[in-house]
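*Asks:* make a model of this:
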Amino acid sequence: MEDYNRPSSYLDEPPNSRLFLVTSKSITEDIIREHFSPFGEIQDIWVVKDKQTKESKGVSFVKFAKSSQACTAMEEMHGRCLAEGTKPIKVFIAQSRSSGSHRDVEDEELTRIFVMIPKTFTEEDLKETFKAYGDIEYAIIIKNKTTGESKGLGYVRYHKPSQAATAIENCDKTFRAILAEPRTKNASAENECFGNSRSDHAASEPCLSGYPFGAESSSYTPGDVWNSDLITRCLMVSSRAAITQEQVFGLFDLIPGMDYCEMQRDQYGFSKGQAMIRYSNLGSAVYAKEKLNGFEYPPGNRLSVTYIDDGEDRTSPVGKMAMQLVAAQMMSMVWNGPSGPQLMKTTAGYAAPSVPQKPRVQTDVALPSHKKLAPPDSVVKERLFVIFNPAPLPVDILEDVFCRFGSLLEVYLVPGRNVGYVKYADRKHASDAMAALHGKVVNGVKMKVMLADPPKEESHKRQRTY
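*Replies:* Got it, this is the predicted structure:
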């Protein structure tokens, strides 16, 4: 395959189904296909070649139809010679293009799966269920630290990546098996797990970042929990912009009583831009929902906060009345001003903190004052290319920042990529923006700002094909 311009969704679907090969330069696509086709359906092979000489660079990619096929091929072919007189090849699972990382996936990240199980399951039941897919190193059931009861969640660690991939592909769909996120090897692991004095996670438990809903319900499915008439202790937070667990936790922990914070992820472990929050009492949840729904965090990004079913029985008329009474009190407190803190204190046992209103643009750069945009019919004199890490800022925030240098025409974000362009009607203003903002952090996002290549018709540079 000469080109590799397939969309990322194709290359990474399913996840971990693409191999990265380091080979001798004499290894051709036909040789690779001959040796790797016994492991499963090959969808694509790409041998990276020098654009001038057309010679192989000794690097190739192989895309399989299934993750288990790719993992088996990796395990069997790593260190093998594909032709006489050539060096042993190196085979890795290629990193997802959407991850933003340039390292290849380590085996340890591919052997541990996260599953949702009946709360009656023991560790022996868990092992017995999943041993059909390979040799199990360990199986763990996550339990409530106080009661010792199962939370209906567990981890299974296999010896080989292919075994874990096979389990995910073939186990009963009710287990909702996905790859567990790797344990961090530094102090930030505590932040990722959100260990705190109120949490019911044991200190020795792994992070629950691999599954969307958390511990309380084994019957959760998106779509059957949303109910506009429902008022519960559980909230679903949705964000249009990229947001981390640390950010969600830090914001909602301002309201005392938070028991649990968990990012929601899809079946492949990717963030869906949503988080589930659970409070220990209804009053805190109502207060959080009313105060933070529509709140801009990070600045320029409005959060959506809704109630979701927390699994509690509300069939009792007395229980319904109590819920409605607490909700009415809390919403009255939210909307009626000064009496709110006193009501919170008597209702939930604490005084409600005020949610800090942060500046719209947060940065340590000394930004000039706002300047008018250039007329729309102005000629583009300079374009800047901007790389964002970890994710792009909203367009309105970028316009707020880049217009301060004068003659801004347009800010454009490339869909699905962490890059964008900024157009100016004056080269000096573009140069000033680049000098001031390159390498700087705005609203938690680091930006690399540089001159963009000329448009294709004016450019004599070779265009990347991958």
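
*Asks:* could you pull out the helices for this structure?
*Replies:* 8-11, 29-36, 67-77, 123-130, 161-170, 188-193, 245-252, 282-292, 317-335, 339-348, 395-402, 427-437 (DSSP state H).

*Asks:* in the sheet, who's paired with Tyr260?
*Replies:* Per DSSP bridges, the residues bridged to Tyr260 are Arg278.

*Asks:* is it correct that it is in contact with Ala275?
*Replies:* No - under the criterion of CB atoms under 8 Å, Tyr260 makes no contact with Ala275, lying 10.1 Å away. Every residue, glycine included, has its C-beta placed from N, CA and C.

*Asks:* quick one, which of these two is more surrounded?
*Replies:* Using other CB atoms under 10 Å, the more surrounded residue of Tyr260 and Ala275 is Ala275, with 27 against 21.

*Asks:* which residues sit in contact with the more buried one?
*Replies:* Counting by CB atoms under 8 Å, 6 or more residues apart in numbering, Ala275 touches Met236, Val237, Ser239, Ile243, Gln245, Val248, Cys261, Glu262, Met263, Gln264.

*Asks:* what is the burial count for Arg427?
*Replies:* Neighbours of Arg427 using other CB under 10 Å come to 12.

*Asks:* wait, Arg80
*Replies:* Neighbour count of Arg80, defined by other CB under 10 Å: 10.

*Asks:* could you do Gly250 as well?
*Replies:* 13.

*Asks:* cool, Glu124 as well?
*Replies:* Neighbours around Glu124, by other CB under 10 Å: 9.

*Asks:* give me the low-pLDDT residue ranges for the stretch 51-200 of the chain?
*Replies:* Within the stretch 51-200 of the chain, the ranges that satisfy pLDDT under 70 run 97-108, 182-200.

*Asks:* tell me how far the spatially closest residue to Asn170 that is not a sequence neighbour lies from Phe175.
*Replies:* Excluding its sequence neighbours, the residue lying closest to Asn170 (CB to CB, 6 or more residues apart in numbering) is Tyr133, at 6.6 Å. From Tyr133 over to Phe175 the distance is 11 Å, taken as CB to CB, to the nearest Å.

*Asks:* what of Pro14?
*Replies:* Applying CB to CB to Pro14 and Phe175 gives a distance of 17 Å.

*Asks:* compare the two and say which one has the larger neighbour count.
*Replies:* Phe175 (21 against 17).

*Asks:* pretty sure the residue nearest to Asn170 is touching Thr166, no?
*Replies:* Yes - the pair Tyr133 / Thr166 is scored as a contact, 4.7 Å apart, by CB under 8 Å.

*Asks:* can you say which of the contacts of Ala275 are buried?
*Replies:* Met236, Val237, Ser239, Ile243, Gln245, Val248, Cys261, Glu262, Met263, Gln264 (16 or more other CB atoms under 10 Å).

*Asks:* nearest residue to Glu410 other than its sequence neighbours?
*Replies:* Once flanking residues are discounted, Glu410 sits nearest to Lys423: 4.6 Å by CB to CB, 6+ apart.

*Asks:* what's near enough to touch the one you found?
*Replies:* Val380, Glu382, Arg383, Leu384, Leu408, Leu409, Glu410, Val411, Tyr412.

*Asks:* what's the neighbour count on the third one?
*Replies:* Around Arg383 there are 18 other residues, counting by other CB under 10 Å.

*Asks:* so what pLDDT did it get?
*Replies:* For Arg383, the pLDDT comes out at 93.

*Asks:* can you pull the contacts of it?
*Replies:* Taking CB under 8 Å, 6+ apart, we find Arg383 in contact with Tyr421, Val422, Lys423, Tyr424, Ala430, Leu451, Ala452.

*Asks:* quick check: beta-bridge partners of the fourth one?
*Replies:* Just to be clear, that refers to Tyr424. The partner residues for Tyr424, given DSSP bridges, come to Glu382, Leu408.

*Asks:* isn't it up against Ala430?
*Replies:* Yes - assessed by CB under 8 Å, Tyr424 is found in contact with Ala430 at 3.9 Å.

*Asks:* overlap in contacts of the two?
*Replies:* By CB under 8 Å, 6+ apart, the residues touching both Tyr424 and Ala430 are Lys381, Glu382, Arg383, Leu384, Phe405.

*Asks:* and which of these is nearest Ile45?
*Replies:* Arg383 (36.0 Å; CB to CB).
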